[in-house]
Structures are given as structure tokens and as C-alpha cells.
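Novice: 3D model of this:
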Amino acid sequence: MAAAVFAVCVALGGGVMRHDWRQAELLDDTGIRVTGVVIRVVVPTGRGEKSDEIAYTVAGRRYTVRKVPNGGYPLPPKGTRVCLEAAREQPRLTRLCGDRYPDGDDEFPSFALFTVAATIGLLFVTGHWLTTRRELRRPAAG
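Specialist: Numbers count the residues shown, from 1 in each chain. This next block holds a predicted model:
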């Protein structure tokens, strides 16, 4: 049972990391700098985490994205101009200028640590299971 939980954690963490990595590569390859304007500050009731809702224009079309400021910086007030990098082919894919990953630079290392810890747990549980199984199959000396 524990091995299944660790395996799911490894798959989930690895999948999220792969997705963020690909999005970061797309932004690195095709990113364009745009200026967005904070149109409102959003406070979701579930997590209590504040985020900015930022409006920006790419190729004459207006988009809105929600971003959480990194590093504990305070949220800029409504009307503040914000620098964003948007993917040319997917203008809804953005990151704050200076960040390396779309969801912020704090989340990628967190998922990496989570995945490494889950992998260690999976290896430990599997090794324990194999050792116990070998000892049970060993003939009794006598």
C-alpha cells in the first residue's frame, strides 16, 4: 500500500515538473515581453493566498491572467504596471519577468524535492519488501 502511495507521488511530482519545464522552454524560445496592468487583487477563500489579476494585450487581443507574487513580496495595488513574458503561440501562457517558470520559481524546486522524497520512500519500501520476502523464502537451518 505504501509503495503505491509513493509511486503515485513520484508520478504526480514528475508529471508536474515535466509540464512546468516544457512551458518554461516554450517561453524561453518564443517569449515576448508585454506590459500588464493589475486590474484587481484576488483573495481565494480556500487557501487564503492572494493573487493579482493582470490584463495584458498580445497582437491586439486582450488577455487576463492570475499570478501569485513570489518571495513573499507584497501585491502591487490596482493599476500598477507589471512586466510579463508571454509565449507567442500561446499568449495565455505567461510568467512574471525575471522568473524562470510560469507558476513561479518557488514551485518547481518544491516539486523536485517532493519527487525526490517520494522516490526515496518508494525505494525504501521496495527494498524492505524484497528483503523480507527473501528471508521468508530462505530454508530453515537445522
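
Novice: Cys32: which element?
Specialist: Actually, residue 32 is Ile rather than Cys. Taking DSSP states H and E as the definition, Ile32 sits inside strand 31-42.

Novice: quick one: average pLDDT of the next helix or strand after that strand?
Specialist: Next helix or strand after strand 31-42 toward the C-terminus (DSSP H and E): strand 51-58. Across strand 51-58, pLDDT averages out at 83.

Novice: next, the angle from the helix or strand following strand 51-58 to strand 31-42.
Specialist: Next along the chain after strand 51-58, taking DSSP H and E as the criterion, comes strand 61-67. Interaxial angle, strand 61-67 versus strand 31-42 (axes from the mean of the first three to the mean of the last three C-alpha atoms, to 10 degrees): 60 degrees.

Novice: alpha carbons of strand 61-67, as PDB, please.
Specialist: Coordinates of the C-alpha atoms in strand 61-67 are reproduced here as PDB (Å, rounded to 0.1, in the frame of the first residue of the first chain):
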ATOM      1  CA  ARG A  61      -6.100  40.800 -28.300                       C
ATOM      2  CA  ARG A  62      -6.700  41.300 -24.600                       C
ATOM      3  CA  TYR A  63      -5.900  38.500 -22.100                       C
ATOM      4  CA  THR A  64      -6.300  38.200 -18.300                       C
ATOM      5  CA  VAL A  65      -4.100  36.000 -16.100                       C
ATOM      6  CA  ARG A  66      -3.900  35.400 -12.400                       C
ATOM      7  CA  LYS A  67      -0.400  35.500 -10.800                       C
END
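
Novice: quick one: contacts of that strand?
Specialist: 36, 39, 42, 51-57, 82, 84, 86, 91-92, 94, 96, 104 (C-beta atoms under 8 Å, 6 or more residues apart in numbering). Backbone N, C-alpha and C define where each C-beta goes, glycine included.

Novice: which of those residues are buried? Put it as a ChimeraX command.
Specialist: Buried subset of those, written as a ChimeraX selection, criterion 16 or more other C-beta atoms under 10 Å:
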select :36,51,52,53,54,56,82,84,86,91,94,96,104
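
Novice: good, wrapping up.
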